[in-house]
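1. Structure here, sequence nowhere to be found:
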Ligand code: 5AD
Ligand code: SF4
């Protein structure tokens with residue numbers, strides 16, 4: 001069995017805290033080095049940043065030593081994410097000390113949370129730019145040329161970067177993200193996101209469909225629609241549910257899913273993140289109706305105990321959550337489910353923790369992202385509750401849920417053995433050049449001998465062996 005750290009590392013490398021360096025083309029001779037941390041939304045935002053900067057002549061580079069500008073797109077979700085970024089900034093500070101014209105900027109959630117404090121107290125950076133201010137990046141970089149510092153952390157109620165064509169970075173040419181909304185209005189008590197990413201706003205569906213079509217035309221075969229809470233996507237409806245422009249149609253998330261699914265039956269659709277309180281039967285029905293909407297849903301539960309969920313301000317109970325899962329499984333019996341779990345939230349008793357364990361045993365998740373609670377400044381939980389579960393107890397509970405999840409993941413993967421699945425080939429396997437990897441609709445990863453397949457093909461495979469993370473398969477006719 002993998003250790004706790006190994007399992008978390010795998011999670012880290014696969015999705016969560018993955019720092020990525022990226023490359024694109026521009027023309028002013030200046031070079032930009034861009035590093036991204038945190039959620040998929042941040043990676044999608046970096047593609048918008050690269051687009052804005054490349055319009056202004058910047059070439060991106062993967063070699064930090066040849067950069068004129070270094071930008072870090074940062075994450076504040078847990079304290080250790082911020083610590084990691086601070087360490088990185090200290091490394092870049094050393095480069096600045098030996099190359100005075102080098103500019104270092106901080107973008108994203110940490111920029112928004114700490115604002116000019118990053119300039120005043122720590123003098124690590126020249127530039128602080130929040131998630132809604134990326135259009136001003138080129139002029140802000142210019143401002144720093146005379147040695148001044150530049151800040152723009154204004155949050156917006158309208159900005160969705162709808163008209164910007166993201167530069168596809170870090171690309172495999174097959175799978176891509178499309179942001180469909182920004183911000184979050186939920187105020188889960190543990191979460192810093194509503195403070196760093198501002199109010200929720202949805203993007204014009206026509207621009208989303210156009211982006212999906214363009215990706216398909218370029219050879220992409222899978223898009224993941226991104227938002228903090230995709231189920232509350234609403235176009236042309238305000239927060240009081242009133243229609244904004246009567247001449248235009250209103251569009252909810254289920255309708256948006258359908259529009260994107262209709263772009264082409266060979267374009268797979270995934271989406272993240274769903275919120276149990278807002279997930280409608282209509283979404284499950286739309287998923288069932290279209291073969292190219294993948295049978296996979298990420299439905300964060302956070303805790304299996306209704307009192308803890310209340311303290312978390314999640315807006316649902318354990319029973320409600322299980323009812324939403326039933327709504328999905330009734331319509332899509334083979335739908336894979338993944339989740340997020342927090343251990344050791346304020347006041348969590350051993351009994352309450354055991355409710356999370358029992359829920360996990362009941363649901364048998366295909367995958368889970370699991371975290372020890374980390375108190376974040378200004379959140380409702382910080383103001384209202386004491387962070388009173390000792391660190392060692394949080395960690396022990398975390399280890400318990402991780403070990404349980406490994407068993408579920410293995411059990412779920414075993415279900416896929418000796419059956420034929422259509423997978424989308426994403427590229428070469430990390431293990432060997434002679435193997436390719438791809439995912440089935442349920443998001444399970446299959447590795448198989450290359451044959452004459454290439455990235456972007458759909459092939460049928462049958463697995464003969466598996467671990468909790470991967471299925472070993474052969475191509476079948
Ligand atoms: N501490 C621990 N985990 C957190 N998450 C969000 N805020 C915190 C926090 N303060 C987790 C939640 C969320 C995921 C993206 O990160 O599980 O769904
Ligand atoms: Fe944070 Fe809750 Fe919004 Fe997700 S839904 S970003 S956990 S406040």
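-> Happy to help now that I have it. Computed from a predicted model, the values in this text were never measured in an experiment. Ligands and ions are numbered 1, 2, ... in the order given.

2. From now on I want contacts and neighbour counts done on CA atoms only, so please keep to that.
-> Will do.

3. Mind checking the pLDDT average for stretch 329-345?
-> Stretch 329-345 shows an average pLDDT of 98 in the prediction.

4. what about it, how long is it end to end?
-> 29 Å (Cα to Cα, to the nearest Å).

5. what comes into contact with that stretch?
-> The contact list for stretch 329-345 (Cα atoms under 8 Å, 6 or more residues apart in numbering) reads 284-285, 287-288, 295-303, 308, 328, 353, 365-373, 387, 389, 393-395, 397-398, 442-443.

6. and ligand 1, which of these contact it?
-> 300, 302, 371, 372, 373 (Cα under 6 Å from any ligand atom).

7. Can you tell me which residues in the stretch 301-450 of the chain are near ligand 1?
-> 302, 340, 341, 342, 371, 372, 373, 374, 375, 376.

8. So this protein: which segments form each domain?
-> As recorded under automatic domain parsing, the domains making up the chain are 21-152, 175-414, 420-476.

9. Which one of those lies nearest to ligand 2?
-> For the domains of the chain, proximity to ligand 2 was assessed by Cα to the nearest ligand atom; domain 175-414 is nearest, at 4.2 Å.

10. and residue 28, what pLDDT?
-> Residue 28 is assigned a predicted lDDT (pLDDT) of 73.

11. what's residue 468 in contact with, if anything?
-> When contacts are counted by Cα under 8 Å, 6+ apart, residue 468 is found next to 406, 407, 409, 410, 411, 413.

12. Give me the contact list for the host helix or strand of the third one.
-> According to DSSP states H and E, residue 409 maps onto helix 391-415. Helix 391-415 is contacted from outside by 4, 7, 342-344, 353, 357, 360-361, 364-368, 370-373, 444, 465-471, using Cα under 8 Å, 6+ apart.

13. what are the ranges of the helices in the stretch 151-300 of the chain?
-> Using DSSP state H, counting those that start in this stretch, the helices of the stretch 151-300 of the chain run over residues 193-197, 205-217, 253-261, 281-289.

14. so how far is the second one from its chain's centroid?
-> Its chain's C-alpha centre lies 20 Å from the corresponding centre of helix 205-217 when counted by Cα atoms, centre = their mean, to the nearest Å.

15. In it, which residues are buried?
-> 205, 208, 209, 211, 212, 213, 215, 216 (16 or more other Cα atoms under 10 Å).

16. Reformat those residues as CSV; add pLDDT and distance to ligand 2.
-> Listed next are the buried residues of helix 205-217 as CSV, based on pLDDT from 0 to 100; distance: Cα to the nearest ligand atom, whole Å:
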residue, pLDDT, distance to ligand 2
205, 96, 21
208, 97, 21
209, 98, 24
211, 96, 24
212, 98, 24
213, 98, 28
215, 96, 27
216, 97, 29
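
17. ok, so of the residues you listed, who is nearest residue 239?
-> In terms of Cα to Cα, no member of these lies closer to residue 239 than residue 205, at 17.4 Å.

18. Please give me every residue in contact with the closest one.
-> 180, 235, 251, 256.

19. Go through those and give me the one with the most neighbours.
-> Neighbours here mean other Cα atoms under 10 Å. Within these, the largest count is held by residue 180, at 25 neighbours.

20. OK, contacts around the nearest residue to residue 174 once chain neighbours are set aside?
-> Counting by Cα to Cα, 6 or more residues apart in numbering, residue 220 is the residue found nearest to residue 174 once chain neighbours are left out, at 4.2 Å. Contact criterion Cα under 8 Å, 6+ apart gives 173, 174, 175, 176, 267, 456 as the residues in contact with residue 220.

21. Shouldn't the last one be within a helix?
-> The reference is to residue 456. No. Secondary structure of residue 456 (DSSP: H, G, I helix; E, B strand; the rest coil): coil, not part of a helix.

22. What count of nearby residues applies to it?
-> The tally of other residues near residue 456 (other Cα under 10 Å) stands at 20.

23. Can I get the domains of the chain in JSON lines including distance to residue 163?
-> Shown next, in JSON lines, are these (distance: least, Cα to Cα, whole Å):
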{"stretch": "domain 21-152", "distance to residue 163": "10"}
{"stretch": "domain 175-414", "distance to residue 163": "7"}
{"stretch": "domain 420-476", "distance to residue 163": "27"}
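
24. Tell me which of these sits nearest to residue 160.
-> Closest approach to residue 160 among those (Cα to Cα): domain 175-414, 5.8 Å.

25. Pretty sure residue 297 sits against residue 275.
-> No. In terms of Cα atoms under 8 Å, residue 297 does not count as a neighbour of residue 275; the distance is 10.3 Å.

26. what's around the nearest residue to residue 278 once chain neighbours are set aside, how many residues?
-> Excluding its sequence neighbours, the residue lying closest to residue 278 (Cα to Cα, 6+ apart) is residue 231, at 5.6 Å. Other residues within reach of residue 231, judged by other Cα under 10 Å, total 21.

27. Can you classify residue 357 by secondary structure?
-> Going by three-state DSSP, the secondary structure assigned to residue 357 is helix.

28. Might you report the residue contacts of it?
-> 304, 401, 404.

29. do residue 465 as well
-> Residue 465 sits next to 414, 417, 471, 472, 473 when contact means Cα under 8 Å, 6+ apart.

30. What sits closest to the third one if chain neighbours are left out?
-> Right, the one you point to is residue 471. residue 446 (4.6 Å).

31. residue contacts, residue 129?
-> For residue 129, the contacting residues are 105, 106, 107, 108, 111, 112, 137, 151, 152, 153, by Cα under 8 Å, 6+ apart.

32. what's the answer for residue 47, then?
-> 166, 167, 168, 169.

33. any idea how far the residue of the chain most remote from its centre lies from residue 69?
-> In the chain, the residue that sits farthest from the middle, by Cα atoms, centre = their mean, is residue 146; the gap is 36.5 Å. With distances taken as Cα to Cα, residue 146 is found 14 Å from residue 69.

34. try residue 109
-> Counting by Cα to Cα, the gap from residue 109 to residue 69 is 19 Å.

35. Since that was my last question, I'll sign off now.
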